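Visitor: model the structure of this input:
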Amino acid sequence: MYKQYLKNMTPKLLLGLALLSSSSVFAALADFEQEIKIVAKKQSSDLKNKVASYLEDVKITQGSISIEADLVQVANEAGSERKFYLAKGSPAKFSQILDDGQKIELQANEISYSPSTNTIIIKGNASISQEGSMVTGDIITYNISTEQLTAESTGSVTTILKPEAQAETQAEKEAEDKQQATEQASDVIESKLIGDPSEEKADIEKKVTAIEKEQE
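Guide: Down below sits the predicted model:
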């Protein structure tokens, strides 16, 4: 079995391996403080074993976190009241918006998600992608808080890198767009504070004309 381990690496090195950009070091931890919403066409519960099953067009959201699957089972972790999620689909999908606004996406035939440890394990045609870069394998384990990732496969783990020049061009374009938006906003504020000279002139001419008519 061929294994590729990507552990205890700096954000810069992770970028080179198409995992995370240095600007997205921290995931949107505020998501874990939000309520969890589950929508599905069907639901069944095993009250004895405390397992809830959701079937058909299942969607789970918590802040910017989203899970989509055909089947999701929610159970308590061993010896704890904390929940554990098992999603299955063709494929099942997990996504989250990071603090810098970028989206990280995982998909596989099976997704195991433990909010208490911020750990996601995806199996079967597994892939993780961000900003056009991707890693694929049979099993991928990803920790949201520590950014450690392990990918393994019976064949080979494939990494697709986004060209660095393209990434730099996109970053420059985004910076330029932000600068233009800031300048436009400043122009609008300045216009409101100072006023349009042509409008002031027209207003004065109207007042003069009205005074002349009164004098007549």
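
Visitor: okay, the one helix or strand T141 maps to in CSV with CA atoms only?
Guide: For T141, the element it lies in under DSSP states H and E is strand 133-143. Written as CSV, here are the backbone C-alpha positions of strand 133-143 (Å, rounded to 0.1, in the frame of the first residue of the first chain):
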residue,chain,number,x,y,z
SER,A,133,-5.7,22.5,-6.3
MET,A,134,-6.6,18.9,-5.3
VAL,A,135,-5.5,15.8,-3.5
THR,A,136,-7.2,12.4,-4.2
GLY,A,137,-6.9,8.9,-2.7
ASP,A,138,-8.8,6.1,-1.1
ILE,A,139,-8.8,7.5,2.4
ILE,A,140,-8.1,11.1,3.5
THR,A,141,-8.0,12.3,7.1
TYR,A,142,-8.2,16.0,7.8
ASN,A,143,-8.1,17.9,11.0
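
Visitor: sheet partners, orientation included, of that strand?
Guide: Take DSSP bridges as the rule and strand 133-143 pairs in its sheet with strand 119-130 (antiparallel), strand 149-153 (antiparallel), strand 158-160 (antiparallel).

Visitor: buried residues in that strand?
Guide: By neighbour count on 16 or more other C-beta atoms under 10 Å, the buried set for strand 133-143 is S133, M134, V135, T136, G137, D138, I139, I140, T141, Y142, N143. Glycine gets a C-beta too; all of them are placed from N, C-alpha and C.

Visitor: which one of the residues you listed is nearest T154?
Guide: D138 (6.0 Å; C-beta to C-beta).

Visitor: my read: the closest one touches I122, true?
Guide: No. Using C-beta atoms under 8 Å, D138 is not in contact with I122, being 9.6 Å away.
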